[in-house]
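Student: mind folding the following:
(one chain, ligands or ions: 2)
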Amino acid sequence: MLFTKRPPPTWGIDMTQGPVKVTVTGAAGQIGYALLFRIASGQLLGPDVPVRLSLLEIPQAVKAAEGTAMELDDCAFPLLSGIDISDDPNAAFDGTNVALLVGARPRTKGMERGDLLQANGGIFAPQGKAINDHAADDVRVLVVGNPANTNALIAQSNAPDVPAERFTAMTRLDHNRALSQLAAKLGVPVSAISKMTIWGNHSATQYPDLYNAEVNGKIAAEQVDEGWLRDTFIPTVAKRGAAIIEARGASSAASAANAAIDHVHDWVNGTPEGDWTSVALPSDGSYGVPEGLISSFPAVSRGGRWEIVQGLPVNAFSRERIDASVAELGEERDAVRQLGLI
Ligand SMILES: NC(=O)c1ccc[n+]([C@@H]2O[C@H](COP(=O)([O-])OP(=O)(O)OC[C@H]3O[C@@H](n4cnc5c(N)ncnc54)[C@H](O)[C@@H]3O)[C@@H](O)[C@H]2O)c1
Ligand SMILES: O=C(O)C[C@H](O)C(=O)O
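Tutor: Ligands and ions are numbered 1, 2, ... in the order given. Sure thing, here's the model as predicted:
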């Protein structure tokens, strides 16, 4: 992560009202365990920003969340002003400034895509409503739980009083994976790479774009052979989640938590000058992505708001890849619409 030329921290978050309240759902899960300690130590918002943690879990996992809270206490983090634990979304999101929606229903054997979307609708629709009714006016939401883009769409659609732009889904892990794969290929540090973009869905259809990325200021696609770009780089990045599951026997956790930290840190503190990152956010129609779909774009954060980077060249190969991933998002949206979730 690049930490150059940072503007003053926590744009747009009102800290006059006391500590920033951060709600983490699925707090007793594996990402939750990798995330909470980093938030409490100041890595999410900044080293001078006090936080109050709110942990949301299902009733069966509240005890485990209490155990994690005991460990958080035992770290004696100076910035941690308190921890609340609940199985009630209305209580957990009360006054929340930052909501990290991690808890989700994983796909289990025999489950069809529609079943998964319906099960997650049962989680993200009420959570969206609870955010709408109880969160702070400046709330910012990051959805990590899969299918992340469409879960974010469900939550956002159920929060009509919250500006849509405050709902985002995480493609920062894909972005970081793309940086790392390219750096290894070229034998350069990740800090030599800028302007990486993940387009579309956080799924195997995502498109990591090397035609706009730069390595030491020069276009990345011109520094690798086309066969590697198309047949190795893209599938390696897009299927990395499955490869981690295959190797670990569990999905990525520490790297997912790290990406969530990067995403929110950049949102509230700004992205570095001369670079951008990847964020799934409600489309304004840019790059031909239908308005309202929560799709990944190149984005900078200024003044606490994500702005889609405009005017990038999109060649025929990129167009086809972006369109395919966006089409998948459209299908997911249609499915949850049919289920009455949005
Ligand atoms: N966007 C990404 O890049 C990315 C990367 C990795 C994982 N993920 C996804 O993140 C999610 C969490 O992963 P994990 O490894 O921590 O899973 P996990 O199974 O270890 O933990 C999930 C937790 O969520 C809780 N939960 C379930 N329903 C809930 C609800 N309604 N309210 C509150 N909590 C609830 C469960 O009790 C569990 O403790 C999964 O959907 C996973 O696929 C996304
Ligand atoms: O949980 C998964 O299916 C994979 C996860 O989204 C990841 O990208 O690591």
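Student: near ligand 2 at all, stretch 278-290?
Tutor: No - contact of stretch 278-290 with ligand 2 (CB under 6 Å from any ligand atom) is absent, the minimum separation being 12.2 Å. All C-beta spots, glycine's among them, are computed from the backbone N, C-alpha and C.
Student: chain center to that stretch: distance?
Tutor: 15 Å (CA atoms, centre = their mean, to the nearest Å).
Student: that stretch: which residues count as buried?
Tutor: Residues 278-283, 287, 289 are the ones in stretch 278-290 that count as buried (16 or more other CB atoms under 10 Å).
Student: got the CA coordinates for it in PDB?
Tutor: The C-alpha coordinates for stretch 278-290 follow below in PDB (Å, rounded to 0.1, in the frame of the first residue of the first chain):
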ATOM      1  CA  SER A 278     -10.200  -0.400  -7.300                       C
ATOM      2  CA  VAL A 279     -13.600   0.000  -5.700                       C
ATOM      3  CA  ALA A 280     -16.900  -1.600  -6.400                       C
ATOM      4  CA  LEU A 281     -19.400   1.300  -6.200                       C
ATOM      5  CA  PRO A 282     -22.800   2.200  -7.600                       C
ATOM      6  CA  SER A 283     -22.300   3.000 -11.300                       C
ATOM      7  CA  ASP A 284     -23.100   6.500 -12.600                       C
ATOM      8  CA  GLY A 285     -23.100   5.100 -16.100                       C
ATOM      9  CA  SER A 286     -19.400   5.600 -16.600                       C
ATOM     10  CA  TYR A 287     -17.700   3.200 -19.100                       C
ATOM     11  CA  GLY A 288     -21.000   1.900 -20.200                       C
ATOM     12  CA  VAL A 289     -21.800   0.200 -16.900                       C
ATOM     13  CA  PRO A 290     -25.600   0.500 -16.300                       C
END
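Student: near ligand 1 at all, it?
Tutor: No - Stretch 278-290 lies apart from ligand 1 when judged by CB under 6 Å from any ligand atom; the minimum separation is 8.6 Å.
Student: hang on, the earlier thing: please narrow the buried residues of stretch 278-290 to those residing in strands.
Tutor: 278-282 (DSSP state E).
Student: Ala192 contacts Val215, correct?
Tutor: Yes - if you go by CB atoms under 8 Å, Ala192 and Val215 touch, sitting 5.6 Å apart.
Student: what's the overlap in contacts for those two?
Tutor: Leu186 (CB atoms under 8 Å, 6 or more residues apart in numbering).
Student: the ones in strands among the buried residues of stretch 278-290: which two are farthest apart?
Tutor: Ser278 and Pro282 (14.9 Å; CB to CB).
Student: closest residue of this structure to ligand 2?
Tutor: Gly241 (2.6 Å; CB to the nearest ligand atom).
Student: average pLDDT for the strand or helix carrying that residue?
Tutor: Here Gly241 sits within helix 240-248, counting by DSSP states H and E. Taken as a whole, helix 240-248 has a mean pLDDT of 93.
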